[in-house]
Structures are given as C-alpha cells and as structure tokens.
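Colleague: Show me the folded form of this:
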Amino acid sequence: MPSDPTPVLLTTARLNLALLPPDGAARVLAYHEANRDHLGPVSPARPDNFFTVTWWRSRLAQDAEDWRRGLALRLFMLSRELPLSSAPVLGSVSLTDIRRGPLQSCEMGFGLDHRAQGQGLMSEAVRAVCDYAFGAMGLHRIHANHLPDNHRSAAVLRRLGFSVEGLARELVLIDGRWRDHVLTALLAPRPPAR
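Modeller: This is a model prediction of the structure:
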C-alpha cells in the first residue's frame, strides 16, 4: 500500500510523469491512436473498445484505484513546457504486479510516441520512475522484458543498468503468436559500506 495514495507527479528536466485522472482520457486516446502502427506490433491484444474515450475514462479511474491499493503505478509522460492539464501524452511508464513482503518487486513496461524517439526522453522517464520505485516506494527489484528484436527498448534498459537474466520462451501472445521475451532486472542501489 503506498504511504501517500494521492496522485503521483514526478518531474524531470523535460517531463512531467503523471497519474492522469479520468478527464485525461481524450489525451491518452489521442496518443494511442497516433501510435497504433508503432505500438501495435509489440503489444498484446487489446479490448474491442480500447480506442474509445469511454474505455480510457474507465482505465484511468482503475489506474487511480490500483495505485491506492498498492497494486500498480501507471504514469503518462507529458512535456514540462505545456500546462499539465492540457499537455499531449508523449508516452507511458508503468509499474505493475507490485509485490510486497519478501519480494519487494514489480514489472515495468514503457512506450513512447514514434514522433518523440531519439531524444532521450524514454531514458529520462524510466530513470525517474526507477528512482521513485527504489526511493519512495521502497522496492528492491524491477523486472522489464522486451522482444528480442526491440533494440530501442533494449538500449534504454542497458543504458540504465538493467541486466539481462535470460530468455523466456513464448512468454506473451502478440498478434496471434506466442513471442519470446528477453528478461532483464534492475536492483535497488545498495547503501555505501561503512
């Protein structure tokens, strides 16, 4: 359970990473519509009504509830140059399957607008979310998986210190095919020895 169940807002040099309220549904939908061809080939099947404002209003309400219950944190990337209430969505970083007790771990997923690639925004966002996960959330381990041919995601994870731990055969059903995924993880920084 998060110690502060209020909406999360992380800031970096160029980005706000926000847990958007249901009234942000149109912005999230616009992002997914603009990136249908870009994200579709690497995404599991989506519900029939995924590309509707109604679905996204419900999803964003569920995101707030998932955060309140300590189950997941789904943040959207917004430019700091524009007002938080109207900035278009540039991407997302999610921590899901948050496990407490002796594990203190989660799964990370992320995506970026095809028009924003090559600017270092994804690395900036993932770094901020990892810092938050290891700091305020007190997690010990973050897992992130990617398709073997997803070189951009692999580069982001490598740049931020994620280690490859193996290959999961036929892990996720994508576009009617079971696809292998490279398994990576990042551990919380250890305090300096005294």
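
Colleague: Which parts of this protein are helices?
Modeller: 25-34, 36-39, 53-68, 121-134, 151-159 (DSSP state H).

Colleague: Any chance you could list what contacts the fourth one?
Modeller: With contact meaning C-beta atoms under 8 Å, 6 or more residues apart in numbering, helix 121-134 is reached by 8, 10-15, 17, 73, 75, 77, 90-91, 93, 95, 106, 108, 110, 112, 139-140, 142, 152, 156-157, 159-160, 186, 188-189. Yep, even glycine has a C-beta here, placed from its N, CA and C like the rest.

Colleague: So which of the helices of the chain is nearest G176?
Modeller: Between G176 and these, the tightest spacing by C-beta to C-beta is seen for helix 36-39, at 16.6 Å.

Colleague: buried ones in that closest one?
Modeller: 38-39 (16 or more other C-beta atoms under 10 Å).

Colleague: Can you tell me which of the helices of the chain is nearest to I174?
Modeller: Evaluated over those, closeness to I174 peaks at helix 36-39, with 11.0 Å, by C-beta to C-beta.

Colleague: average model confidence for that closest one?
Modeller: Per-residue pLDDT values across helix 36-39 average out to 88.
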